[in-house]
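>>> I'll drop the sequence and a predicted model, then ask my questions.
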Amino acid sequence: MAEPRFNLIVTTYALREEAAIEELTQYIGGVYVVWKQRSLVLVKATRMDPYEAVKTIKEQIDPKYTNILRVIPIDIVYSPILEDVAKIIWDLVDEKIKPDETFRITLEGHLFKVTEEGHLIEARSRESIDYIAKNIDRKVNLKKPDKIVYVKVVRVAGKPYAAVSICRPEDIISTQKMVK
């Protein structure tokens, strides 16, 4: 099965997924729902790239009266194997993170390693972060990075995938942070 083609991750309150989809459609128009599960909607924005979509949503959303909790733009969806995800990220770094910019890695969920016998086992979060970071020749800043290397492992039809984004912190919408 080919990787699912979504470019936005939308989180919402449990059982408010349909309302969040409706709201998204009002903000950005072309919304194709790739997968939906409790509190999570994987969407393909069809009328604009995911970064334009986030900007448009941010300009229109009222954080006090929304069903949307977070919106994350996604650059690529890939196999959740640590080595594969790391290679994808390393290939994107020169394009997405300038040499003088700082970065942080945010990992949600567990990537997988392949054992010598060919079995998949969950990699520890710290191990995954260290492995990905080792070939990123940029300074780390955990508090105020210029860019976030964001990896979220999601399940679509029971199969895990890694959603990867390298973006500015302001490219990720958190309505709860907007209220503060």
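Right, received. Where do you want to start?
>>> please report how far residue 124 lies from residue 83.
15 Å (C-beta to C-beta, to the nearest Å). (Each C-beta comes from the backbone N, C-alpha and C, glycine too.)
>>> my bad, should have said residue 103
With C-beta to C-beta as the criterion, residue 103 and residue 83 are 20 Å apart.
>>> with neighbour numbers in mind, choose between the two.
residue 103 (20 against 15; other C-beta atoms under 10 Å).
>>> which ones are touching the nearest residue to that one once chain neighbours are set aside?
Residue nearest to residue 103 in three dimensions, not counting chain neighbours: residue 147, with 4.7 Å by C-beta to C-beta, 6 or more residues apart in numbering. By C-beta atoms under 8 Å, 6 or more residues apart in numbering, the contact list for residue 147 reads 96-97, 101-104, 166-168.
>>> closest to residue 8 among these?
residue 167 (11.8 Å; C-beta to C-beta).
>>> which helix or strand contains residue 105?
Using DSSP states H and E, residue 105 sits within strand 102-108.
>>> for the protein, longest helix please?
helix 82-96 (DSSP state H).
>>> and that helix, what's buried?
82, 85-86, 88-89, 92-93, 96 (16 or more other C-beta atoms under 10 Å).
>>> which one in the chain is furthest away from the centre?
residue 117 (30.6 Å; C-alpha atoms, centre = their mean).
>>> and it, helix, strand or coil?
With DSSP: H, G, I helix; E, B strand; the rest coil as the basis, residue 117 sits in coil.
>>> related to what we said a few turns ago, I'd like the next helix or strand past the strand holding residue 105.
strand 112-114.
>>> show me what that following strand is packed up against.
For strand 112-114, the elements it packs on are helix 82-96, strand 120-122, judged by 3 or more C-beta pairs under 8 Å, 6 or more residues apart in numbering; DSSP states H and E.
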